[in-house]
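1. Structure for the following, please:
(one chain, ligands or ions: 1)
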Amino acid sequence: MENPYQPYVASDDIDPSYEAEYRQVMANLNSFVGGYSGFVTLIFSTPENSSSVFEALKPFVEMGHSGALEQNCLGSVGDPPNKFGICLNEEQWYFYTGREPSETSLADSRVDVYTGIAHEYFHWFQNNMAGQKHLDYQQEPSVMAPTWWVEGTADLFSFLWLKENAAKFAVFQGGIPPRVEDRISPLFTSWNVDMYLKTCGDPDLNTGERYDTETSCSPSPWLAVAHLASLSSYQSVFVDIPRDFREMDFAGAFEKNIGMTVEGFYFEHHSWLKSLTGPAAESDISDVFPSGSLSAEVKFPGT
Ligand SMILES: [Zn+2]
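-> Have a look, this model is predicted:
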């Protein structure tokens with residue numbers, strides 16, 4: 001869509017110049033993933049300074065939003081074509097993910113801000129692909145996408161998107177923080193897998209099917225998604241499954257595009273994680289990430 005409706009409202013005490021920066025990130029995402037209307041970004045601080053945010057929330061309260069100023073991204077309200085994805089952010093959390101502002105540089109903190117926007121906007125793309133249905137078990141009717149896929153694709157998308165696009169943003173002109181690369185570094189990932197296998201031993205993606213069944217021993221969703229893409233393609237995992245799940249729900253779209261059942265993949269992933277030990281682990285992990293840019297692997301509809 002040429003000019004998607006994507007309102008942005010922030011509290012009075014939030015630097016007004018941030019909106020232009022936010023709009024640049026969204027312009028990049030709209031051309032990368034496609035422009036989807038109804039993505040609403042609200043940033044609140046104290047109740048006294050947040051009257052514009054309360055005002056912006058009013059129409060959505062009538063549609064079922066609680067209206068409370070609490071960190072909640074990305075709740076959806078309404079039915080298509082009047083469906084909205086509301087990203088309601090607490091200022092400190094939005095800009096610093098709970099860290100002390102003095103402990104981080106602007107560029108470093110913007111890595112989290114930009115990947116956060118990309119993550120949530122990717123959920124909005126998934127939501128739009130689901131059409132009249134909802135994404136997961138929390139609301140009916142639903143395509144019943146499991147949490148590990150919903151979150152794993154949004155995480156991995158945000159890392160790969162920023163890696164490809166960071167150089168285009170003004171805040172990174174002084175250098176791209178190492179954390180942009182580290183997010184998908186095979187070395188960091190293999191340490192995590194190693195630690196995880198030592199602690200948990202028996203990885204089972206079933207535990208990551210719902211937000212309320214996830215445990216500290218549910219496998220890392222974005223690594224599961226990367227592994228899944230290596231068994232099929234990034235196009236299948238990021239685009240073809242959501243393109244088809246409106247018609248055939250997640251399980252059907254998965255089987256059609258991956259060539260195995262969801263349970264079959266759990267079995268494969270389980271064995272693969274357990275095989276990631278020793279010196280070969282790093283290169284095995286490196287193999288599941290795209291060797292070049294994400295845009296070379298994936299063509300999004302509407303772009
Ligand atoms: Zn998410």
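
2. Just the CA atoms of stretch 270-290, as CSV, please.
-> The C-alpha trace of stretch 270-290 is given here as CSV (Å, rounded to 0.1, in the frame of the first residue of the first chain):
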residue,chain,number,x,y,z
HIS,A,270,15.2,-32.2,18.6
SER,A,271,17.8,-34.4,17.0
TRP,A,272,19.6,-31.4,15.3
LEU,A,273,19.9,-29.5,18.5
LYS,A,274,21.4,-32.5,20.2
SER,A,275,23.9,-32.9,17.3
LEU,A,276,25.2,-29.4,17.9
THR,A,277,28.1,-30.2,20.1
GLY,A,278,31.9,-30.1,19.7
PRO,A,279,33.9,-28.1,17.2
ALA,A,280,31.5,-28.5,14.3
ALA,A,281,28.6,-26.9,16.1
GLU,A,282,29.6,-23.4,15.0
SER,A,283,29.7,-24.1,11.3
ASP,A,284,26.5,-26.2,11.5
ILE,A,285,24.8,-23.2,13.1
SER,A,286,26.3,-20.8,10.6
ASP,A,287,24.8,-23.0,7.7
VAL,A,288,21.2,-22.3,8.8
PHE,A,289,21.5,-18.5,8.5
PRO,A,290,21.3,-16.8,5.1
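
3. Can you point out the buried residues in it?
-> Of the residues in stretch 270-290, 270, 272-273, 276, 281-282, 284-285, 288-290 count as buried by neighbour count, 16 or more other CB atoms under 10 Å. Placement of C-beta: from N, CA and C, glycine included.

4. Up against the ion, what does the stretch 101-250 of the chain have?
-> 151, 154 (CB under 5 Å from the ion).

5. change it to 6 Å
-> Within the stretch 101-250 of the chain, the residues that sit near the ion (CB under 6 Å from the ion) are 119, 123, 151, 154.

6. Tabulate these in CSV, adding columns for pLDDT and distance to Tyr18.
-> Formatted as CSV, those follow (pLDDT from 0 to 100; distance: CB to CB, whole Å):
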residue, pLDDT, distance to Tyr18
His119, 97, 18
His123, 97, 22
Glu151, 97, 26
Ala154, 97, 22
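
7. Pick the one among these closest to Leu223.
-> For those, the residue nearest Leu223 by CB to CB is Glu151; the value is 11.8 Å.

8. give the contact list for the residue nearest to Leu273 when sequence neighbours are not counted.
-> Among residues not flanking Leu273 along the chain, Pro203 sits closest, at 4.6 Å (CB to CB, 6 or more residues apart in numbering). Shown in contact with Pro203 (CB atoms under 8 Å, 6 or more residues apart in numbering): 196-197, 217, 219, 269-270, 273-274.

9. What is the burial count for Trp222?
-> 22 (other CB atoms under 10 Å).

10. Can you verify it is assigned to a helix?
-> Yes: according to DSSP: H, G, I helix; E, B strand; the rest coil, Trp222 belongs to a helix.

11. what comes up buried for the worst-scoring helix or strand of the chain on mean pLDDT?
-> In the chain, no helix or strand scores lower on mean pLDDT, DSSP states H and E than strand 72-77, which sits at a mean of 87. The neighbour-count check on strand 72-77 (16+ other CB under 10 Å) flags 73-77 as buried.

12. And stretch 199-209, by the same measure?
-> 200, 203-205, 207-209.

13. Out of the residues you listed, which comes closest to Glu297?
-> Nearest member of these to Glu297, counting by CB to CB, is Leu205, at 22.7 Å.

14. My understanding was that that closest one contacts Ala224; is that so?
-> Yes: applying CB atoms under 8 Å as the test, Leu205 and Ala224 come out as touching, 6.0 Å apart.

15. which of the buried residues of stretch 270-290 are close to the ion?
-> Filtering the buried residues of stretch 270-290 for proximity to the ion by CB under 6 Å from the ion leaves nothing.

16. Going by distance to the ion, which of the residues you listed wins?
-> Comparing the buried residues of stretch 270-290 against the ion with CB to the ion places Phe289 closest, at 19.9 Å.

17. Distance check, that closest one against Asp112.
-> For Phe289, the distance to Asp112 equals 20 Å [CB to CB, to the nearest Å].

18. If anything else comes up later, I'll come back, but that's it for now.
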